[in-house]
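# Please find the sequence and the predicted model below.
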Amino acid sequence: MPIYEFTCRKCGETFEELVLGGRLTGIKCPKCQSEEVEKIMSACAFKSGTKFVSASGSSACSGCAGGTCSTCGR
C-alpha cells in the first residue's frame, strides 16, 4: 500500500495519504477538506537492512538534513 504525496489546489496544503487499492478519488485535504487535490512527485526510498536507500542511490534518509541522523545513523 503506497503512501502518496498530494497538494491542495484550494489552500496549498501539502500532505501524505495512504492509498488503499490504488484508489486516488475521494482524497480530501486535511486542512480545508477540499477534494481539489493533486498527486505530486515525491522522493522514493527503500529500507535495505538498517539503512535507507533513496531512488537516487544515496544511503541517506529524509532525516539526514545535516548533522547526525537518529533514523539511519549517518
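That came in fine, so what should we check first?
# So what's the model's average confidence on stretch 18-31?
Stretch 18-31 carries an average pLDDT of 89.
# Any idea how far apart the tips of it sit?
One end of stretch 18-31 sits 16 Å from the other (C-alpha to C-alpha, to the nearest Å).
# what residues does it touch?
Outside stretch 18-31, the residues that touch it by C-beta atoms under 8 Å, 6 or more residues apart in numbering are 1-4, 6, 8, 10-11, 13, 15, 17, 34-37, 39. (Glycine included, C-beta is placed from N, CA and C.)
# are any of those buried, and which?
4, 6, 8, 17, 37 (16 or more other C-beta atoms under 10 Å).
# Which secondary structure element is home to the fourth one?
Spelled out, that is Glu17. Using DSSP states H and E, Glu17 falls within strand 14-18.
# Within the sheet, what are the partner strands of that strand, with directions?
strand 3-8 (antiparallel) (DSSP bridges).
# could I have the strand it pairs with exported to CSV, CA atoms only?
C-alpha atoms of strand 3-8 as CSV (Å, rounded to 0.1, in the frame of the first residue of the first chain):
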residue,chain,number,x,y,z
ILE,A,3,1.8,6.5,0.5
TYR,A,4,1.4,9.3,-2.0
GLU,A,5,2.1,13.0,-1.5
PHE,A,6,-0.6,15.5,-2.5
THR,A,7,-1.1,19.2,-2.7
CYS,A,8,-4.4,21.0,-2.3
